[in-house]
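Q: Predicted model and sequence follow; I will ask about them next.
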Amino acid sequence: MYPEDLKYTAEHEWVRSPGEHAGSVRVGITEYAQDALGDIVYVSLPELGETLEAGSTCGELESTKSVSDLYAPVSGEVVARNESLDATPELVNSDPYGGGWLFEIVPADSDLGDLMSAETYTATLEG
C-alpha cells in the first residue's frame, strides 16, 4: 500500500532519497496522514537555510478539520520548499508522493536507519 522505496516516521512523514538537490532527501506526508487530515487548505513550511532537529516541529498543515504539526524526519538544513503548495495546497491530498511533496533537507547524518520501511510503517498502522 505504501511505496517501498520510501522511509517513514511514526508521525506519518515519508523520506525519499535522493532528493533533487545534491545530498538532499525529499519529505512529504503519507496517504494515511493526508486522508486523516482531510482537505488541506494551507501549508506552512520551514524556511530555506533553516537547520532542523529530527523530531522537532518544522511547520503546519491546515485542513478543513484541524491544524496538524509537521515534524522534521531527520536533522539537517532545508535546501528546497515546494512553493507550488502556496497556491495549490490540495496537491498534498491529490498527489502526496509526487507533486504534494513538502521540502528537501540535507541530512546532518547520512544514515536514515531510524526511519521505518514501508512494511514496518504499515504494521504500525495495523497494530
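A: Okay, I see it.

Q: State the distance from residue 20 to residue 105.
A: Noted for residue 20: a distance of 12 Å to residue 105, by Cβ to Cβ, to the nearest Å. Any C-beta I mention is one placed from the backbone N, CA and C, and that applies to glycine too.

Q: quick one: which of these two has more around it?
A: More crowded of residue 20 and residue 105, by other Cβ atoms under 10 Å: residue 105, with 29 against 11.

Q: where's the more buried one, which helix or strand?
A: If you go by DSSP states H and E, residue 105 is part of strand 103-107.

Q: Can you list the low-confidence ranges for the protein?
A: Applying pLDDT under 70 to the chain flags no residue at all.

Q: now stretch 69-79, how far from the centre of its chain.
A: Centroid separation between stretch 69-79 and its chain, computed with Cα atoms, centre = their mean, to the nearest Å, is 8 Å.

Q: oh, I was asking about stretch 75-91
A: On Cα atoms, centre = their mean, the centre of stretch 75-91 falls 10 Å from that of its chain.

Q: before we move on, what about stretch 38-56?
A: 8 Å.

Q: rewinding a little: after the strand holding residue 105, next one along is what?
A: Assigned by DSSP H and E, the successor of strand 103-107 is helix 118-126.

Q: May I see the buried residues of that next one?
A: The neighbour-count check on helix 118-126 (16 or more other Cβ atoms under 10 Å) flags 118, 121 as buried.

Q: measure stretch 24-37 end to end?
A: Start and end residues of stretch 24-37 are separated by 27 Å (Cα to Cα, to the nearest Å).

Q: For that stretch, which residues meet the burial criterion?
A: Buried residues in stretch 24-37, counted by 16+ other Cβ under 10 Å: 24-30, 32-34, 37.

Q: ok, the strand holding residue 105: who's next to it in the sheet?
A: Taking DSSP bridges as the criterion, strand 103-107 forms sheet pairs with strand 25-29 (antiparallel), strand 76-81 (antiparallel).

Q: okay, which residue is most central for this protein?
A: Against the mean C-alpha coordinate of the chain, by Cα atoms, centre = their mean, the closest residue is residue 28 at 2.5 Å.
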